[in-house]
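Asker: generate coordinates for the sequence data below:
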Amino acid sequence: MPTATTPLPRREIGRSGIHASLFSLGSWHTYDRMDFADAVAMLGEAVDRGVDLFDVGVYSAPGMPPVFTDVIFAGMVRAAGLRREEWLLSSKLWLESFGADGFRPQLENALMRIGVEHSDLVILGDLRRDDLDLRDLVLDLARLTDAGLIRTWGVNNWSATSIQTLIEIATTEGVAGPQIAQLKYSVSRRSIPDGEPFARLWEQGLTLQASDCLEGGVLAGKINGDRQIGRDPGDIRERIIDDVPAFTALAASLDVSPAQLGIAFTLTHPALTTTLFGASSVEQLRANLDAAALVDRIGAAELRSLVEPFWADRDVVSPEGP
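Answerer: Below is the predicted model of the structure:
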């Protein structure tokens with residue numbers, strides 16, 4: 001498929017006034033595994049192509065080996081000679097560590113590791129605790145905003161009901177609420193972002209960050225089982241694996257790779273701000289970014305129709321979300 005020649009669009013994160021690139025680059029331990037010079041070259045290429053939002057949330061837990069993706073990213077930024085105003089930082093905040101001092105201790109630690117003074121966007125991790133007062137979260141994030149430590153915030157894989165509660169609390173308190181929802185969104189997992197509960201949230205100004213759009217590489221044909229892959233809501237991964245040959249054939253008929261077809265699909269969602277993906281080489285980055293050209297070539301409606309048979313979680317996963 002020819003390389004896209006139009007500039008990479010930028011879209012607003014909710015109603016925050018902050019605009020981010022149509023694609024955002026993340027690392028789930030990716031930079032830990034890359035040659036440093038290759039990682040710097042990839043970062044420079046991303047910025048040259050118009051990518052300006054970088055998710056460097058650290059995924060680790062007690063007892064697991066330490067990870068340094070965010071520290072390595074800080075080195076990449078310095079080596080690439082990027083100025084802070086040239087890029088946007090997205091950080092993760094984990095509810096498991098939310099206590100009497102709020103999010104500030106873990107946020108300050110994250111900022112220290114990256115060597116910056118603020119995060120443009122923070123995403124709250126999965127809501128797994130039932131002892132949290134959501135009002136405490138909203139007010140704590142307002143304090144971090146007032147202190148200049150964050151600019152806006154969103155959530156990762158929360159239910160529509162919980163997000164609506166956050167919005168209502170923020171409105172009552174007169175502070176900013178969530179602006180973006182990071183959700184699994186792919187040709188296989190569509191029920192939640194495309195469902196009616198989230199449609200009501202999109203109407204209120206919340207926007208979407210599509211994540212896990214290739215099912216941890218499965219939709220790109222990497223089905224050998226040696227990759228760390230996220231959760232499997234609905235237990236549909238075997239169905240997704242079974243669909244890979246037909247999905248690959250469809251991509252070939254459109255003169256794109258399976259990865260490009262999967263990424264292009266996410267761009268058809270009307271509430272999308274940005275699609276998050278990881279890349280481990282300049283070549284992979286370029287190919288992923290060129291996926292946008294497919295939507296321009298055949299149109300969003302036609303693309304969505306073509307991939308309809310691969311919607312694996314339809315009537316399996318509740319559109320309300322977790």
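Asker: need the strands for the stretch 101-250 of the chain, in chain order.
Answerer: Under the criterion DSSP state E, counting those that start in this stretch, strands of the stretch 101-250 of the chain are mapped to 119-124, 150-156, 180-184, 207-211.
Asker: how about these in a markdown table, adding mean neighbour count?
Answerer: (Each C-beta comes from the backbone N, C-alpha and C, glycine too.) Listed next are the strands of the stretch 101-250 of the chain as a markdown table, based on neighbours: other CB atoms under 10 Å:
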| stretch | mean neighbour count |
| --- | --- |
| strand 119-124 | 24 |
| strand 150-156 | 24 |
| strand 180-184 | 25 |
| strand 207-211 | 25 |
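Asker: what's the closest of those strands to residue 55?
Answerer: With CB to CB, the closest approach to residue 55 among those belongs to strand 119-124: 7.7 Å.
Asker: extract the CA atoms of the closest one and return them as CSV.
Answerer: Output of strand 119-124 as CSV, limited to C-alpha atoms (Å, rounded to 0.1, in the frame of the first residue of the first chain):
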residue,chain,number,x,y,z
SER,A,119,2.0,14.7,32.5
ASP,A,120,-0.3,16.0,29.8
LEU,A,121,-2.7,13.1,30.3
VAL,A,122,-3.1,10.5,33.1
ILE,A,123,-5.1,7.4,32.7
LEU,A,124,-6.5,5.7,35.7
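Asker: tell me which other helices or strands that strand touches.
Answerer: Judged by 3 or more CB pairs under 8 Å, 6 or more residues apart in numbering; DSSP states H and E, strand 119-124 is in contact with strand 53-55, strand 88-93, helix 104-114, helix 134-146, strand 150-156, strand 180-184.
Asker: and the gap between residue 277 and residue 10?
Answerer: According to CB to CB, to the nearest Å, residue 277 stands 17 Å off from residue 10.
Asker: more crowded one of the two?
Answerer: residue 277 (24 against 15; other CB atoms under 10 Å).
Asker: where does the residue nearest to the more buried one when sequence neighbours are not counted fall, secondary structure wise?
Answerer: In space, and not counting its chain neighbours, residue 277 is closest to residue 288: 5.6 Å by CB to CB, 6 or more residues apart in numbering. In the assignment (DSSP states H and E), residue 288 maps to helix 282-289.
Asker: packing partners for that helix?
Answerer: If you count contacts as 3+ CB pairs under 8 Å, 6+ apart, helix 282-289 packs onto strand 23-26, helix 36-48, helix 258-266.
Asker: ok, then the element right after that helix?
Answerer: Sequence-wise, the next helix or strand downstream of helix 282-289 (DSSP H and E) is helix 292-298.
Asker: what's the first helix or strand after that next one?
Answerer: Counting by DSSP H and E, the next helix or strand C-terminal to helix 292-298 is helix 300-306.
Asker: what are the contacting residues of that following helix?
Answerer: Contacts to helix 300-306, defined as CB atoms under 8 Å, 6 or more residues apart in numbering, come from residues 250, 254, 264-265, 267-268, 294-295, 298.
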